[in-house]
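**Q** Provided below are the primary sequence and the corresponding predicted coordinates.
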Amino acid sequence: MKQKMSPLSRLYIALILVFLYAPIVVMIFFSFNASVSTSVMSGFSLRWYQSLAHDTGTIKALTNTLLLAVTSSLIATVMGTAAAVGINAMKRKWVKKTTMHVTNIPMMNPEIVTGISMMLLFVFAGALIHKDDVLGFGTMLIAHITFNLPYVILSVLPKLRQMDPHLPEAAMDLGCTPLQAFFKVTLPTISTGITTGLMMSFTLSLDDFVISYFTQGPSFETLPIRIFSMTKKRVTPDMYALSTLIFVAILLLLVLLNVSQVRGERKLRNKLDKEGA
Amino acid sequence: MKKLCYLVLVAALFALAAVSASAYEHEDYYKGAQKGEVLNVFNWGEYISDTYEDGMVDVNREFEKLTGIKVNYVTFESNEDMYAKIKNGGVSYDIVVPSDYMIERMVDEDLLQSFDPNELPNYHYIDEKYKGMYYDPDDRFSVPYNVGMVGLIYNTKMVEGTPDSWTIMWDEQYAGKILMIDNPRDAMAIPQKILGYSFNDPDLKQLDDVAQMLIDQKPLLQSYVMDEVFNKMESGEAAMVPYYVGDYIIMSEVNPDLAFVYPKEGVNIFVDAMCIPRTAQNVDAAKKYINFLLDPEIALYNAWYIGYASPNTAVVENEEYADFAENQYLYPDEEHMPNVEYFHNLPQETLKRYSELWNEIKMAGGTDRHVYIGFAVTGVVIVAYLVWQYALKRRREHWYDFPKA
């Protein structure tokens, strides 16, 4: 029996939502500001969106960030899923436990420790092969995959544990090779875990500042670093326009995802109801 | 027939002159780049004209169009961060733009490579007073890019009279409305001037006096700021802040109540200059880039965009720049020139003391005790609750322990 929500708990939830979203609302508001300030609203105008379209440096930084996020999250998801399947299949308990602890380290480490240690590693490796400019897109990619992996593994592993282990066995009894059984049976069952892992790594990679800062090279600047470098002179308001656009895009994506999930469940329920009747 | 030929020739010459008048000077200097050449530039954020709006040009795009060399442009926000990046290695930049004292340090540590600026056709535009500077006496490592001075920006509606001394920043009348710049050398520079010290005296005892003044000032401050200063001053949230003159001009366009003054005790002047690091991989392209930034047209766009003073005589003498060139704060003449001093590089132990004192200043204040007490009380409450829950659980288990049948 579901408890009815008292007005007090409704108020509490409303307060939390306001607290979470107030900065974003203010930012969206001021992205339409006609003047350059962020504390005085002097009229509605789209000038910052136009200015953003002309700001080639920012657009390049944005495409760099997106490219890095997509590549690193895809690679991390593939590697992480494979790793989770492997960890799940481990027989000896202590090996399993140790692997899990080791996996958790990049997640628990303060980002600055990971960032500096990766930078030192790359510079050392670069010195070994006599390459002066080893830091660049490749090193950033490796660093991002490294800190994305634990999140993917942690998203996929519970789904693997929940899955009935007899299902792939049944598939193999019916004639599948183990690989086919994996792709036809296991993968669809854990697909929600994989999607969660993918989205988490995408968000983390998009947002990352500290690790990117230390492993970046001259040819690749990401958006958080670019915004930080503006803090000596002025963070231009076309950043508000950019952030608004990113927020709206992600909001639309999540709404679409939710709608398709609900639709899928409804279709499944209708189908089951029909067959049951 | 002859007359026609003459006319055609004259017309052609005019056409040629018109075309070349709108292009850049010494275009031959920029030729000769190979396909796929790349130039890596490391500069301050918001420190180059990078938009085609309002009649400006995107300098990096223009350079790419002119030479065919691709520009990778990366930014930093402070000299110290830039120094750490270059020192640690693993990156190779062809152009870097440090400030004066950082150039001195990088030359001492052999991080820059020498070149002859007189090779650059546009080098003659640099004002003589910025050649032979203390950080580069033989002009072998750097070419000046921007000049600036720090002064006091204040709101005339919120401040009585016309301040002319840094001591107004310790005036309790304005408590809660005073902003301070958020980096150690610029912040400590102000008490150093009030106490009559030099910016560059390695005497550690002086630094203790300076730090004490800043700790005394802390209760009067609204906050330490970097780029937040624009909003706070433009909206009238704060009454005064020490900041760079070029940024004052930008702020005053939004809020005309703001005024500027160079306090009588003295101010900091700085020069940012373009240098070529030792690990540069494309020195020819770097020289072309420096020459391009010295081009009168490009330097003008940069001066407009950045808002600081330009060391380029072609910019200062340009009629379109007259409003800025006559501004007494950007380009003070002899009688309005304030007492200025440059930052020099300091010995390692002095720099260490600066950052130790800066940490102490930032952490000074009365909040510590209340926060600790709050944490302690919360911790005790949580532990007590957990112990109580555990005791309850044990009691419940004991009650339901049925005797073995």
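**A** Done, it's in.

**Q** Pull up the distance across stretch B:322-339, start to finish.
**A** 25 Å (Cα to Cα, to the nearest Å).

**Q** likewise stretch B:145-163?
**A** First-to-last residue span, stretch B:145-163, Cα to Cα: 31 Å.

**Q** wait, does it make contact with chain A?
**A** No - using Cβ under 8 Å from any Cβ of the partner chain, stretch B:145-163 stays clear of chain A, with a minimum separation of 10.9 Å. C-beta here means a position set from N, CA and C on the backbone, and glycine is covered the same way.

**Q** Identify each buried residue in that stretch, please.
**A** Neighbour-count burial for stretch B:145-163, counted by 16 or more other Cβ atoms under 10 Å in any protein chain shown, picks out B:145-155, B:159, B:163.

**Q** Next, the buried residues of the helix or strand hosting A:Thr98.
**A** Here A:Thr98 sits within helix A:93-108, counting by DSSP states H and E. For helix A:93-108, the neighbour count (16+ other Cβ under 10 Å) marks A:103, A:106 as buried.

**Q** what separates that helix from the chain centre, distance-wise?
**A** 21 Å (Cα atoms, centre = their mean, to the nearest Å).

**Q** Contacts only, for the closest residue in space to A:Phe220 that isn't next to it in sequence.
**A** Leaving aside its chain neighbours, A:Phe220 sits nearest to A:Phe137 (4.7 Å; criterion: Cβ to Cβ, 6 or more residues apart in numbering or on different chains). Going by Cβ atoms under 8 Å, 6 or more residues apart in numbering or on different chains, A:Phe137 touches A:68, A:217, A:219-220.

**Q** Helices of chain A, start to end?
**A** Using DSSP state H, the helices of chain A run over residues A:7-31, A:47-54, A:56-88, A:93-108, A:111-128, A:137-162, A:166-173, A:178-181, A:187-189, A:191-207, A:210-215, A:223-229, A:238-276.

**Q** and the ones you listed, which is most packed in?
**A** Highest mean neighbour count among the helices of chain A (mean count of other Cβ atoms under 10 Å in any protein chain shown): helix A:210-215, with a mean of 23.

**Q** Restricting to C-alpha, output it in PDB.
**A** What follows is helix A:210-215, C-alpha atoms only, in PDB (Å, rounded to 0.1, in the frame of the first residue of the first chain):
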ATOM      1  CA  VAL A 210      41.600  18.200 -13.300                       C
ATOM      2  CA  ILE A 211      42.700  15.200 -15.100                       C
ATOM      3  CA  SER A 212      42.400  16.800 -18.500                       C
ATOM      4  CA  TYR A 213      44.300  19.800 -17.300                       C
ATOM      5  CA  PHE A 214      47.400  17.700 -16.500                       C
ATOM      6  CA  THR A 215      47.300  15.400 -19.500                       C
END
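
**Q** That helix vs chain B: in contact?
**A** No - Helix A:210-215 lies out of reach of chain B by Cβ under 8 Å from any Cβ, never closer than 8.6 Å.

**Q** wait, B:Leu293 sits on B:Val59?
**A** Yes - counting by Cβ atoms under 8 Å, B:Leu293 touches B:Val59, with 7.2 Å between them.

**Q** Find residues that contact each of the two.
**A** By Cβ under 8 Å, 6+ apart, the residues touching both B:Leu293 and B:Val59 are B:Asn302.

**Q** quick one: contacts for A:Ser72?
**A** Taking Cβ under 8 Å, 6+ apart as the test, what A:Ser72 contacts is A:141, A:144-145, A:148, A:201, A:205.

**Q** can you do 6 Å?
**A** A:141, A:144-145, A:148, A:205 (Cβ atoms under 6 Å, 6 or more residues apart in numbering or on different chains).

**Q** what two of those have the greatest distance between them?
**A** The distance between the two most remote of these (Cβ to Cβ) is 10.4 Å, for A:Leu141 and A:Asn148.

**Q** about what we covered before: could you list which of the contacts of A:Ser72 also contact chain B?
**A** Checking those against chain B by Cβ under 6 Å from any Cβ of the partner chain, not one of them is in range.

**Q** sorry, back to before: pLDDT of the helix holding A:Thr98, averaged?
**A** Averaged over helix A:93-108, pLDDT sits at 90.

**Q** and that helix, what does it pack onto?
**A** On a contact count with 3 or more Cβ pairs under 6 Å, 6 or more residues apart in numbering or on different chains; DSSP states H and E, helix A:93-108 meets helix A:137-162.

**Q** Which positions in the stretch 101-250 of chain B make contact with chain A?
**A** Residues of the stretch 101-250 of chain B lying near chain A (Cβ under 6 Å from any Cβ): B:226-227, B:230-231, B:234-235.

**Q** Now with 7 Å, please.
**A** Residues of the stretch 101-250 of chain B lying close to chain A by Cβ under 7 Å from any Cβ of the partner chain are B:226-227, B:230-231, B:234-235, B:237, B:247.

**Q** Return the members of these classed as buried.
**A** Looks like these have B:226-227, B:230-231, B:234, B:237, B:247 buried, using 16+ other Cβ under 10 Å.
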